[in-house]
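A.B. asks: curious how this folds, go ahead:
(chains A and B)
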Number of protein chains: 2
Amino acid sequence: MAATGQFASHMATALDEARAAAARGEVPVGAVVSGPDGQVLAKAGNRTRELNDPTAHAEMLAIRAACTAHGSERLTGCDLTVTLEPCPMCAAAISFARIRRLYFGASDAKGGGVENGARIFSQSSCHHAPDVYGGISATASAELLVSFFAARR
Amino acid sequence: MAATGQFASHMATALDEARAAAARGEVPVGAVVSGPDGQVLAKAGNRTRELNDPTAHAEMLAIRAACTAHGSERLTGCDLTVTLEPCPMCAAAISFARIRRLYFGASDAKGGGVENGARIFSQSSCHHAPDVYGGISATASAELLVSFFAARR
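C.D. replies: Numbers count the residues shown, from 1 in each chain, chains lettered A, B, ... in the order given. The predicted structure follows:
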């Protein structure tokens, strides 16, 4: 579906972060953490190559930065907007951070861990699950990934 | 089972890291990343509270430090020894980092993601699974956790 409402602007910001990641040679995924009033607390794109850090996915960097800004390991009442369905690592971090709502773009049948694969939030061992809204600006998110990988073949 | 062999010394180091975490008021879990020759590349204990970072589990900190030391986002040929069964976040990071062997202590029926819950390495979307050896020094690992939480009740 097309993005409308407040999260449309967060998804636009996340897409900008994804484009910036692609320009750095990173897989183009971008994420934004927003506070209860909608203000942007943190935004990030993938930096796994630059940082030599397999955990430096956009969501992880945005959550960590927002927690630092917030002075807490929990982001109760905050939302996360990301261009791609989070992987199991990021989904578990989203749960630990007590994210209220997760908005994501394209589904990721191969690597996703929300509506695919490990389905982290559906596990009985998951102590906090956000409300999940998928498929937002999915075409734009997916096109970034497709053109990134096509250019590398 | 009792720890014998090279990983016994890594588990002893991981237990020391777990005890140090408890002394800092952190959930007592410790981890060690060792290289192909058995040398310790990185060791860490939980620091989620100190760092206000829900992703700062022992395994994540040890993997990130080892990657920095190694200058790569992959730790091919390296092993991870941790006192508790990794959660789904850490299990996915272990997969991304291409850890060769995972040695862990106590099982975690409530929060684990290896032999419990999301069983990350058994998912078809998991592109790399380490060899897994659980139950090493499990009693010592579990006792640390039990006494930590008993003291807080």
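A.B. asks: enumerate the residues of chain A near chain B.
C.D. replies: Contact residues (C-beta under 8 Å from any C-beta of the partner chain) of chain A with chain B: A:48-49, A:51-56, A:60, A:63-64, A:67-68, A:70-74, A:87-93, A:96-97, A:110-113, A:116-120, A:123-126. Backbone N, C-alpha and C define where each C-beta goes, glycine included.
A.B. asks: list the contacts for residue A:109?
C.D. replies: residue A:116 (C-beta atoms under 8 Å, 6 or more residues apart in numbering or on different chains).
A.B. asks: from the chain's centre, how far out does the helix or strand hosting residue A:93 sit?
C.D. replies: Element membership for residue A:93, per DSSP states H and E: helix A:88-96. Computed by C-alpha atoms, centre = their mean, to the nearest Å, the chain-centroid distance of helix A:88-96 equals 10 Å.
A.B. asks: which strands and helices sit next to that helix?
C.D. replies: Packing partners of helix A:88-96 (3 or more C-beta pairs under 8 Å, 6 or more residues apart in numbering or on different chains; DSSP states H and E): helix A:58-70, helix B:88-96.
A.B. asks: need the residue closest to the centroid of chain A.
C.D. replies: residue A:82 (3.0 Å; C-alpha atoms, centre = their mean).
A.B. asks: from residue B:138, how far out is that one?
C.D. replies: Residue A:82 is 37 Å from residue B:138, where distance means C-beta to C-beta, to the nearest Å.
A.B. asks: and what of residue A:111?
C.D. replies: When residue A:111 is compared with residue B:138 (using C-beta to C-beta), they lie 32 Å apart.
A.B. asks: what are the ranges of the strands in chain A?
C.D. replies: Assigned by DSSP state E, the strands in chain A fall at A:30-34, A:40-45, A:79-84, A:101-106, A:131-133.
A.B. asks: and these as a markdown table, adding mean pLDDT?
C.D. replies: Shown next, in a markdown table, are the strands of chain A (pLDDT from 0 to 100):
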| stretch | mean pLDDT |
| --- | --- |
| strand A:30-34 | 98 |
| strand A:40-45 | 98 |
| strand A:79-84 | 98 |
| strand A:101-106 | 97 |
| strand A:131-133 | 97 |
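A.B. asks: right, so of those strands, which gets closest to residue B:42?
C.D. replies: strand A:40-45 (23.5 Å; C-beta to C-beta).
A.B. asks: buried ones in that closest one, by neighbour count?
C.D. replies: Buried positions in strand A:40-45, judged by neighbour count with 16 or more other C-beta atoms under 10 Å in any protein chain shown: A:41, A:42, A:43, A:44, A:45.
A.B. asks: once you drop chain neighbours, what's closest to the third one?
C.D. replies: The shortest distance from residue A:43 to any non-neighbouring residue, by C-beta to C-beta, 6 or more residues apart in numbering or on different chains, is to residue A:32 (4.6 Å).
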